[in-house]
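# Sequence isn't available, so here's the structure alone:
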């Protein structure tokens, strides 16, 4: 269940500068836990106690996971995951 | 320092005027590592609000895919303030997530007619710290 994950600039300090990394997991939530084993500290930048952080967008292939099953969305071999911080402000 | 062509500044100002009183937002992409803004990409403010802006999440994914494919970066991230000065708000600072981008603020608080003055200022926002930088118009 190996999945490619695109890491945004602001989280690349966790991945040693890598833009594309690999992680494993049956669901997005599990995948993010695995990502945190490989790159400690990255998980809390993506999720909090309530789930996905409000201003972080997570995509499975072309879909915003908020319109899928959120962190419970199943992940299949060969899927791609993209993490993008929202571009937002006041 | 932000080095930018006058036509790109004019494009940001025109977008801000057109969307007033809602906030306008967008990106100027440039070749990765160049620090040179070149491709003007106005975005829809999904919040359609005079006090908030947010790129639509599907538009955001398309934008970053396209920039990746063209080996570009968001050199400038711009938005407007329609009732306050062109200085980053607390929410702007909290959500700023492109440490290498120039954050350009355009204020249309003094009106949107051609003769009304607009304020255009540029900032770096890194780890919650704001620093203003000069804007240099280049050919």
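Cool, got the structure. All values derive from a computational prediction rather than experimental measurement.
# From residue B:73, how far out is residue B:31?
8 Å (C-beta to C-beta, to the nearest Å). Where you see a C-beta, it was placed from the backbone N, CA and C, and this is true even at glycine.
# So between those two, which is more surrounded?
residue B:73 (23 against 14; other C-beta atoms under 10 Å in any protein chain shown).
# and that one, bridged to which residues?
Beta-bridge partners recorded for residue B:73 (DSSP bridges): residue B:30.
# With residue B:4 instead?
residue B:137.
# neighbours around it, how many?
Other residues lying near residue B:4 total 24 when counted by other C-beta under 10 Å.
# where does chain B come near chain A, residue by residue?
Contact residues, chain B versus chain A (C-beta under 8 Å from any C-beta of the partner chain): B:25, B:27, B:43, B:47, B:51-55, B:57-58, B:60-61, B:64, B:68, B:77, B:79, B:88-92, B:94-100.
# switch the cut-off to 6 Å
B:51-55, B:57, B:60-61, B:64, B:89, B:91-92, B:95, B:97 (C-beta under 6 Å from any C-beta of the partner chain).
# got a markdown table for these, with secondary structure and neighbour count too?
Shown next, in a markdown table, are the residues of chain B next to chain A (DSSP: H, G, I helix; E, B strand; the rest coil; neighbours: other C-beta atoms under 10 Å in any protein chain shown):
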| residue | secondary structure | neighbour count |
| --- | --- | --- |
| B:51 | coil | 16 |
| B:52 | coil | 18 |
| B:53 | strand | 29 |
| B:54 | strand | 23 |
| B:55 | strand | 26 |
| B:57 | helix | 20 |
| B:60 | helix | 23 |
| B:61 | helix | 20 |
| B:64 | helix | 22 |
| B:89 | coil | 17 |
| B:91 | helix | 15 |
| B:92 | helix | 21 |
| B:95 | helix | 19 |
| B:97 | coil | 19 |
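# Three-state assignment for the closest residue to residue A:41 other than its chain neighbours, please.
Ranked by C-beta to C-beta, 6 or more residues apart in numbering or on different chains and with sequence neighbours excluded, the top spatial neighbour of residue A:41 is residue A:14, at 5.9 Å. Secondary structure for residue A:14, judged by DSSP: H, G, I helix; E, B strand; the rest coil, is helix.
# Fine by me, thanks again.
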